[in-house]
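Peer 1: Let me see the structure of the following:
(one chain, ligands or ions: 1)
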Amino acid sequence: MSQLAIETTALRRTYRGRGGTRVGVEGLDLRVPVGGVHGFLGPNGSGKTTTIRMLLGLVRAESGTMRLFGQEVPEHLPDVVGRVGAIVESPRFFPTFTGRRNLELLAGAVGAPRARVGEVLEETGLAGRDRDRYKGYSLGMKQRLAIAATLLKSPDLLIFDEPTNGLDPAGIRDIRRTMRRLGDEGRTVLVSSHILAEVEQVADTVSIIGRGRLLAEGRVADVIGDRGVRAVRVGVPDPGAAAAVLTAAGLQVRPEGPALHVTGADDPARITEVLARAGIFVHELTPLRADLESVFLDLTAPGGDAQPTGGEQR
Ligand SMILES: Nc1ncnc2c1ncn2[C@@H]1O[C@H](COP(=O)(O)OP(=O)(O)OP(=O)(O)O)[C@@H](O)[C@H]1O
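Peer 2: Prediction:
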């Protein structure tokens, strides 16, 4: 088994409130490989922040185990914390100081060499704006400065909790690029989000959770491939006649605009074969790939057929 940057087993945390006990995380098995970007996905309230806070020693787990780079935490957190950088809440910067000055102060505080400040400004694309005051930064620039701050000590693992919250599309693209670059450098990036389209483009691997449990994990393409409904759009001159023939052959058919949406065929060639035998010729045959969004919605739908995988999908 390849080394894991993060591993949790049967992790559990509940919250007691006036309305009774609320599940934060319930038996969560999370495995994040070393190197690359890992999307930690789930709808609002599914337990992402709770998990991240437990990993960082900010919230206590009720039961279960957690490891960072093989070291059990929180017991051995002091041994690994130097390898971990996290943006959980917005760090506090001095509004009237420049971005660079803020970083220089932080570098002093964490014992990073001063030269590192220039490097992290480059890495986060802030180099041209580093002499502007923090209070004049856009939200996206503030977020990039927060990332720059976590990079000062060159962490092997970066944990971002919903890093693009509140950003405009350009800001989102910048953060995504920064995360991708960090992953390509061989660092491990854990990025939590409930916005799938965003993570789908940047992540190498994903874990999808719902109500505190793991629902699916693996490489993005595999998670989609395993769960994707294989459908094909079929264009024919006479959709009514074709629908009757396909239905008689045991396939599921519904109209989709001027074409047909067909499921139930393991191989699209079977559709052309069935239709050709009936003298119907196909002018369009488009396999419709499920995207992560629909897989996610399927898995996390209340009362849906989501079965926790227990993490044995790899
Ligand atoms: N301090 C707390 N006190 C009581 N309940 C809490 C607390 N923190 C979290 N919860 C509850 O635990 C569950 C998981 O919350 P959590 O914030 O971990 O989810 P999340 O996946 O990060 O959500 P979001 O995407 O909205 O940030 C929710 O039902 C939430 O209301």
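
Peer 1: secondary structure element for the residue with the largest distance to the centre of the chain?
Peer 2: Most distant from the centre of the chain: Gly279, at 46.9 Å, with distances by CA atoms, centre = their mean. Assigned by DSSP states H and E, Gly279 belongs to neither a helix nor a strand.

Peer 1: Residue numbering should commence at 3 henceforth.
Peer 2: Noted, 3 is the first residue going forward, which turns the last one into Gly281.

Peer 1: Report pLDDT for it.
Peer 2: Per-residue pLDDT puts Gly281 at 94.

Peer 1: Check which element follows the biggest helix by length in the chain along the chain.
Peer 2: Secondary structure of the chain per DSSP state H: the longest helix is helix 171-186. Toward the C-terminus, helix 171-186 is succeeded by strand 190-195 as the next helix or strand (DSSP H and E).

Peer 1: What helices and strands are in contact with that following strand?
Peer 2: Where contact means 3 or more CB pairs under 8 Å, 6 or more residues apart in numbering; DSSP states H and E, strand 190-195 is packed against strand 6-19, strand 22-35, strand 38-43, helix 50-57, strand 159-163, helix 171-186, helix 198-204. C-betas here are computed from N, CA, C, even on glycine.

Peer 1: let's see it at 6 Å
Peer 2: Secondary-structure packing of strand 190-195 (3 or more CB pairs under 6 Å, 6 or more residues apart in numbering; DSSP states H and E): strand 38-43, strand 159-163, helix 171-186.

Peer 1: low-scoring stretches of the stretch 3-152 of the chain, by residue?
Peer 2: 3-4, 91-93 (pLDDT under 70).

Peer 1: So which residues on it come close to the ligand?
Peer 2: Residues of the stretch 3-152 of the chain found near the ligand (CB under 6 Å from any ligand atom) are 17, 19, 24, 26, 44, 46-52.

Peer 1: give me phi/psi at Ala218?
Peer 2: The phi/psi pair for Ala218 (degrees, to the nearest 10) reads phi -160, psi 150.

Peer 1: tally of neighbours for it?
Peer 2: Using other CB atoms under 10 Å, Ala218 is surrounded by 27 other residues.

Peer 1: Ignoring the adjacent residues along the chain, who's closest to it?
Peer 2: Ile210 (4.6 Å; CB to CB, 6 or more residues apart in numbering).

Peer 1: Specify the angle between the helix or strand containing the one you found and strand 22-35 in degrees.
Peer 2: Here Ile210 sits within strand 207-212, counting by DSSP H and E. For strand 207-212 against strand 22-35, the angle by axes from the mean of the first three to the mean of the last three CA atoms, to 10 degrees is 170 degrees.

Peer 1: Okay, now the sheet partners of strand 207-212, with direction.
Peer 2: In the sheet, strand 207-212 lines up against strand 38-43 (parallel), strand 215-221 (antiparallel) (DSSP bridges).

Peer 1: deepest of those strands, which one?
Peer 2: Each of the strands paired with strand 207-212 was scored by mean neighbour count; the highest is strand 38-43, a mean of 26, by mean count of other CB atoms under 10 Å.

Peer 1: quick one: that one to helix 171-186, angle?
Peer 2: Using the same axes, to 10 degrees: strand 38-43 against helix 171-186 is 130 degrees.

Peer 1: can you pull the alpha-carbon coordinates of strand 38-43 into PDB?
Peer 2: Taking C-alpha atoms only, strand 38-43 is exported to PDB below (Å, rounded to 0.1, in the frame of the first residue of the first chain):
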ATOM      1  CA  GLY A  38      -1.400  15.400  -5.400                       C
ATOM      2  CA  VAL A  39      -4.800  17.100  -4.800                       C
ATOM      3  CA  HIS A  40      -7.400  15.200  -2.900                       C
ATOM      4  CA  GLY A  41     -11.000  16.500  -2.900                       C
ATOM      5  CA  PHE A  42     -12.900  16.100   0.300                       C
ATOM      6  CA  LEU A  43     -16.500  16.400  -0.800                       C
END
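
Peer 1: List the contacts of it.
Peer 2: For strand 38-43, contacts defined as CB atoms under 6 Å, 6 or more residues apart in numbering pick out 34, 50, 181, 185, 191-194, 201, 204-210.

Peer 1: how's the chain carved up into domains?
Peer 2: 6-222, 231-290 (automatic domain parsing).

Peer 1: Perfect, I'm done here.
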